[in-house]
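**Student:** sequence unknown, structure follows:
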């Protein structure tokens, strides 16, 4: 969706390695009882490498949490994953000089 198909516009293929480095499910009930308790946490590390997988081109880390919201945030992980993806794309665009469409 963000037209991040290659680095530098030369059409060369790249490898995007994405690793979950931290995940804590959390609890909507606990957040409802006391905000901050039952926090959901999600963090990723994304490495963009050349097609051989040997040269690091770009490195991005992103972390999001939901520490309040109670029962309204029952499936907080879905919101976090969506926001993390947007954060990563925005940072990749900034680092490789690709602007949003």
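**Tutor:** Okay, I see it. Treat the numbers as computed from the prediction; the structure is a model and nothing was measured.
**Student:** so how many other residues sit close to residue 62?
**Tutor:** The tally of other residues near residue 62 (other CB atoms under 10 Å) stands at 20. The C-beta positions use only the backbone N, C-alpha and C, and glycine is treated the same way.
**Student:** Tell me which other helices or strands the helix or strand encompassing it touches.
**Tutor:** Following DSSP states H and E, one finds residue 62 within strand 56-66. Helices and strands touching strand 56-66, by 3 or more CB pairs under 8 Å, 6 or more residues apart in numbering; DSSP states H and E, are strand 14-24, strand 40-50, helix 76-96.
**Student:** any idea how far residue 65 lies from residue 82?
**Tutor:** Relative to residue 82, residue 65 is positioned 14 Å away (CB to CB, to the nearest Å).
**Student:** Who has more neighbours out of these two?
**Tutor:** More crowded of residue 65 and residue 82, by other CB under 10 Å: residue 65, with 16 against 11.
**Student:** Kindly state the beta-bridge partners for the nearest residue to the more buried one once chain neighbours are set aside.
**Tutor:** By the measure of CB to CB, 6 or more residues apart in numbering, the closest residue to residue 65 outside its immediate chain neighbours is residue 41, 5.0 Å from it. Bridge pairing for residue 41 (DSSP bridges) gives the partners residue 24, residue 65.
**Student:** who's in contact with residue 41?
**Tutor:** Residues in contact with residue 41, defined by CB atoms under 8 Å, 6 or more residues apart in numbering, are 22-24, 26, 63-65.
**Student:** Least confident of these?
**Tutor:** Sorting the contacts of residue 41 by pLDDT puts residue 26 at the bottom of the list (83).
**Student:** Now do that residue against residue 66, distance only.
**Tutor:** 7 Å.
**Student:** so what's in contact with the two at the same time?
**Tutor:** 39-40, 76.
**Student:** Compare these and tell me which is most surrounded.
**Tutor:** residue 76 (25 neighbours).
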